[in-house]
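Q: Build me a model from this:
(one chain, ligands or ions: 1)
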Amino acid sequence: MFRKGVASQIRWLLIYLLVGFTIGQLLGAVWPMLFISTLAYLAWVLFQIHKLEAWVTATRQQGLQENTMRGVWAEIAEDVELITKRYEKDKQRLQEVVERVQDMTSALADGVIIVDKLDNIEWWNRAAERQFDFEPLDIGRKLTDYISHPKFIAYYDSHQYEEPLDLISIKHEGQFLQFHIHPFGDGDSLVIARDITRVAKLERMRKDFIANVSHELRTPLTVLSGYLETLADSAELSPAWGRALDQMQDQTRRMTSLVKDLLMLSRLETQDREQGQTPVHLLPIIEQIVADGKVLSGEKGHIFHIDCPAQIHILGKEGELRSAFANLLYNAVNYTPPGKKISVLADINAHELLVKVKDDGEGIGAKHIPRLTERFYRIDDGRSRDSGGTGLGLAIVKHILLRHDAELRIHSTLGKGSTFSCCFPLERCIQAPQQAPSATG
Ligand code: ADP
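A: As a prediction, this is how the structure comes out:
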């Protein structure tokens, strides 16, 4: 029923009591002797407890100690010994796992940093040590003290980590890093810094190449179109040559707009977006592009409509905003049958400012909509070419809007028409007190 040690303890108690009782009988003082023998037993038990406690303390401080106790105390000490050995084994196994994981992450070429829920650095691997010049004393310091680029701090604080963040390294000149942040556990985060210098250099070479080629093509194209114009004006040409010249002129015009759009795109990709941003008055721009749209529409006789509060200003670059809205309006003119309505509307709601170009044209099939802003994506190649399209218009619009923290949303129903909405965050919208809203037809 009892463990061996407990049974022996009961035996010892009974022996103490029996001895006390016997001596008590001899001395004629049974109860006092029983009391004394109980006290003696208690004193012995207390001494054993003290020995056990001293053994546990020594084991805790210096590792397992020799067990010299007896009876139940020896059994308790054996149990403690067993639990301690098991704990040590588990600890060692876990330590080995942690070391293996650390070895693995150390072997990674990517920098790995573990940050706790207070944003303090807990651990890093060798690559991160090289990237950020960490030293052992940096454990427990704020991560944002090390990666103090305003863009990184904004990204880190946003807690929106679906997209990675690309940055030029502050510590090492010419190095590009891509940050991925993965939250885990109880508010901790794993920050991965990938060295993308090679990819970034290739990307830069690609952009430079496109910009240079486009730039180099400009001069020969200007010369060609100049000669073609002179030739076309010449009266001596036969009608067959006249047709050929018309086609040549069409193609040079197409190439010229292609080069213009390519240059625009590469400028948008390479220029610093923060420079030259001012409050841009929206209504005059819309009125101007609608006037140009009317000229482009010509005999097609589209009906134009503007609905834009006069006080709206957008914080941005005037030229770029004008180009984005113009691209959308010219598309509406090109892809809307004659006589139909085209509207440009501006509207502020609780979350954003919307500038919409709406047409009653042929609409766009749902499967094309997600791909429309890709470069050179066209629904109908022939129609786009006939209308003088380069296939770059919506890509330009998307880039411009990105540079203004805005996005392009496209809603369209086949046979009914399309709405292209430029959605700006409210921080970009300034409403200067002005005249009454304008609505013109
Ligand atoms: P493009 O220079 O060919 O017009 P864009 O990038 O401006 O190139 O537009 C991509 C394609 O999207 C166009 O080829 C056209 O098929 C389609 N598209 C653009 N705007 C409209 C619109 N308002 N209505 C119908 N289709 C449109």
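
Q: contacts and neighbour counts: CA atoms only from here.
A: OK.

Q: Which residue ranges of the stretch 51-200 of the chain form strands?
A: 111-115, 121-124, 165-168, 176-184, 188-195 (DSSP state E, counting those that start in this stretch).

Q: Nearest to the ligand, out of those?
A: The stretch from these with the least distance to the ligand (Cα to the nearest ligand atom) is strand 165-168; that distance is 26.6 Å.

Q: Next, the buried residues of stretch 397-412.
A: 397-401, 403-404, 406-408, 410, 412 (16 or more other Cα atoms under 10 Å).

Q: Just those residues: which are in strands?
A: Here DSSP state E is the test, and those give 407-408, 410, 412 as lying in strands.

Q: domain assignment for this protein?
A: Domain assignment for the chain by automatic domain parsing gives 4-101, 108-195, 201-270, 278-440.

Q: Same list (the ones you listed) but as JSON lines, adding mean pLDDT.
A: Putting the domains of the chain into JSON lines (pLDDT from 0 to 100) gives the following:
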{"stretch": "domain 4-101", "mean pLDDT": "89"}
{"stretch": "domain 108-195", "mean pLDDT": "91"}
{"stretch": "domain 201-270", "mean pLDDT": "88"}
{"stretch": "domain 278-440", "mean pLDDT": "90"}
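
Q: Could I get the ones you listed in TSV, plus columns for distance to the ligand?
A: Shown next, in TSV, are the domains of the chain (distance: least, Cα to the nearest ligand atom, whole Å):
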stretch	distance to the ligand
domain 4-101	49
domain 108-195	25
domain 201-270	9
domain 278-440	3
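
Q: which one of these is the most hemmed in?
A: domain 278-440 (a mean of 18; mean count of other Cα atoms under 10 Å).

Q: how about the helices of the stretch 51-200 of the chain, start to end?
A: Taking DSSP state H, counting those that start in this stretch as the criterion, the stretch 51-200 of the chain carries its helices at 71-107, 126-132, 143-146, 150-158, 197-233.

Q: and of those helices, who's closest to residue 296?
A: helix 197-233 (21.5 Å; Cα to Cα).

Q: Pull the distance from the closest one to the chain's centre.
A: 34 Å (Cα atoms, centre = their mean, to the nearest Å).

Q: ok and the following helix or strand past that helix relative to helix 197-233, angle-wise?
A: Per DSSP states H and E, the first helix or strand lying C-terminal to helix 197-233 is helix 239-270. On the basis of axes from the mean of the first three to the mean of the last three Cα atoms, to 10 degrees, helix 239-270 is oriented at 150 degrees to helix 197-233.

Q: so what secondary structure elements neighbour helix 239-270?
A: When contacts are defined as 3 or more Cα pairs under 8 Å, 6 or more residues apart in numbering; DSSP states H and E, helix 239-270 sits against helix 197-233, helix 393-402.

Q: elements contacting the first one?
A: The reference is to helix 197-233. Judged by 3+ Cα pairs under 8 Å, 6+ apart, helix 197-233 is in contact with strand 176-184, helix 239-270.

Q: switch the cut-off to 6 Å
A: Using 3 or more Cα pairs under 6 Å, 6 or more residues apart in numbering; DSSP states H and E, the elements in contact with helix 197-233 are helix 239-270.

Q: quick one, phi/psi of residue 405?
A: Phi and psi for residue 405, reported as degrees, to the nearest 10, are phi 60, psi 20.

Q: now residue 422, what's its secondary structure?
A: Following DSSP: H, G, I helix; E, B strand; the rest coil, we place residue 422 in the strand state.

Q: give the contact list for it.
A: For residue 422, the contact set (Cα atoms under 6 Å, 6 or more residues apart in numbering) comprises 354-355, 407-408.

Q: hey, what's it bridged with?
A: On the basis of DSSP bridges, residue 422 is bridged to residue 355, residue 408.

Q: quick one on the thing from earlier: of all the contacts of residue 422, which two lie farthest apart?
A: Taking Cα to Cα as the measure, the contacts of residue 422 span a maximum distance of 10.7 Å, between 355 and 407.

Q: returning to what we had before: just send the buried residues of stretch 397-412 back as JSON lines, with distance to residue 64 too.
A: Shown next, in JSON lines, are the buried residues of stretch 397-412 (distance: Cα to Cα, whole Å):
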{"residue": "397", "distance to residue 64": "73"}
{"residue": "398", "distance to residue 64": "69"}
{"residue": "399", "distance to residue 64": "69"}
{"residue": "400", "distance to residue 64": "71"}
{"residue": "401", "distance to residue 64": "69"}
{"residue": "403", "distance to residue 64": "66"}
{"residue": "404", "distance to residue 64": "67"}
{"residue": "406", "distance to residue 64": "67"}
{"residue": "407", "distance to residue 64": "67"}
{"residue": "408", "distance to residue 64": "70"}
{"residue": "410", "distance to residue 64": "73"}
{"residue": "412", "distance to residue 64": "77"}
